[in-house]
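S.K.: Everything below, folded, please.
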Amino acid sequence: MQFANDKNILIVGDNIAKYYALNLNNGELLWSKNNLAPFNSQIKIYKDRFFIIDFSNTLRCFSIKTGKEIWNIKTENSLIRSQKKLSMVIVDDLLYFNNSIGDISAVNIKKGELSWQLPTQSNQIYESAFSLETSDIITDGNSIFFSNNKNQFFSIDLETGSYNWENKVNSNVRPSVVGNYLFTVSLEGYLIVIEKKSGNIIKITDIFKSFKKKKRDKIKPIGFVVGLKNIYLTTDNGRMLVIDTKTGKTDSILKIDNDKISRPFILNKYLFVIKDNAIIKLE
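M.R.: Modelled structure (predicted):
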């Protein structure tokens, strides 16, 4: 289930093809609709519209006020459902999104027309589509950046849809842009710093080295945020690693839970993580 809010309205899209809007002030149901297929992406809001992608790899644009579909863009479908939520970013009047077979598309929001599309996988992806997991897409306003679990990290020009560079990084977690650098964490537990413009890897640090080998082979990163002094990374075994931003050294490992926890997020200078049936606030 995915959520997004526009001032006093909460937009909800679920995995049984239903989407609806709630008044955040009183909980009143404003409207409720059904889609042709379940949803499998983030929800993005832009002015009086919101956008969501369903399991048929179709990007749909709806009215916030009525829930009526305004337009849709169909991309190539896969018989196998994606194992990870699809993502999108909006820059000016263009929306950029990925689909379950690795295509990146740019759409004009006002016209509902495709501006460009770039495949990032060969035809072999159809044989292993179930295993493709792509990170969230991020942008610096000129390029979009993302990686996947097929050992690929991409920088793509927003205007032309052409590659700026591609590097070998094995990660499905959301990267971060900090100044002229990109930060990411590989599935094997390495913090990787990349020069944004050239794509050159300038630093690799083993942040999982505190885990015993038998354990570390089973542990996977969930997500991270970059703070002023530290990077906070959560793992699928309920741990949070506190990593020094300058040195890349893991200063401490906090036990949050015994099961999977969410990617950490910062709100009003506090750090939060979500676990089953609870939100945890960290000082």
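S.K.: From now on I want contacts and neighbour counts done on CA atoms only, so please keep to that.
M.R.: OK.
S.K.: low-confidence ranges in the stretch 51-200 of the chain?
M.R.: Within the stretch 51-200 of the chain, the stretches with pLDDT under 70 are 78-83, 123-130.
S.K.: same thing but 90
M.R.: Counting by pLDDT under 90, the stretch 51-200 of the chain shows low-confidence ranges at 76-85, 100-101, 121-132.
S.K.: Double-check that Lys214 belongs to a helix.
M.R.: Yes. Under DSSP: H, G, I helix; E, B strand; the rest coil, Lys214 sits within a helix.
S.K.: separation between the most centrally placed residue in the chain and Ser171?
M.R.: Among the residues of the chain, Asp136 comes closest to the average C-alpha position under C-alpha atoms, centre = their mean, at 2.3 Å. According to C-alpha to C-alpha, to the nearest Å, Asp136 and Ser171 sit 11 Å apart.
S.K.: One more: Phe3?
M.R.: As for Phe3, its distance to Ser171 is 25 Å (criterion: C-alpha to C-alpha).
S.K.: how near is the nearest residue to Met1 once chain neighbours are set aside to Phe154?
M.R.: In space, Met1 comes closest to Asp14 once its chain neighbours are excluded; the distance is 4.2 Å by C-alpha to C-alpha, 6 or more residues apart in numbering. Relative to Phe154, Asp14 is positioned 30 Å away (C-alpha to C-alpha).
S.K.: Please say which of those two ends up with more neighbours.
M.R.: More neighbours surround Phe154 than the other of Asp14 and Phe154, with 21 against 17 (other C-alpha atoms under 10 Å).
S.K.: Contact partners for the more buried one?
M.R.: Going by C-alpha atoms under 8 Å, 6 or more residues apart in numbering, Phe154 touches 144-147, 163-167.
S.K.: wouldn't Asn164 be in contact with Asp157 here?
M.R.: Yes. Here Asn164 reaches Asp157: they are 6.2 Å apart, a contact under C-alpha atoms under 8 Å.
S.K.: Can you check the pLDDT for the residue lying closest to Asn34 once chain neighbours are set aside?
M.R.: Using C-alpha to C-alpha, 6+ apart and skipping the chain neighbours, the partner closest in space to Asn34 is Lys18 (4.5 Å). Here the pLDDT value assigned to Lys18 is 95.
S.K.: What is the neighbour count of Lys18?
M.R.: 17.
S.K.: Asn180 now?
M.R.: 11.
S.K.: Who's the closest spatial neighbour of it, skipping the chain neighbours?
M.R.: The nearest residue in space to Asn180 (C-alpha to C-alpha, 6+ apart) is Lys196, at 5.4 Å.
S.K.: dump the residue contacts of that neighbour.
M.R.: 177, 180-182.
S.K.: measure the nearest residue to Lys255 once chain neighbours are set aside to Ile256 for me?
M.R.: Nearest residue to Lys255 in three dimensions, chain neighbours excluded: Arg239, at 4.7 Å (C-alpha to C-alpha, 6+ apart). To Ile256, Arg239 is 6 Å away according to C-alpha to C-alpha.
S.K.: go on, Tyr181?
M.R.: Counting by C-alpha to C-alpha, the gap from Tyr181 to Ile256 is 29 Å.
S.K.: hang on, the earlier thing: which of the contacts of Phe154 fall in strands?
M.R.: 144-147, 163-167 (DSSP state E).
S.K.: can the residues you listed go into TSV with extra columns for neighbour count?
M.R.: Compiled in TSV, these are given as follows (neighbours: other C-alpha atoms under 10 Å):
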residue	neighbour count
Ile144	20
Phe145	24
Phe146	24
Ser147	27
Tyr163	15
Asn164	17
Trp165	16
Glu166	18
Asn167	16
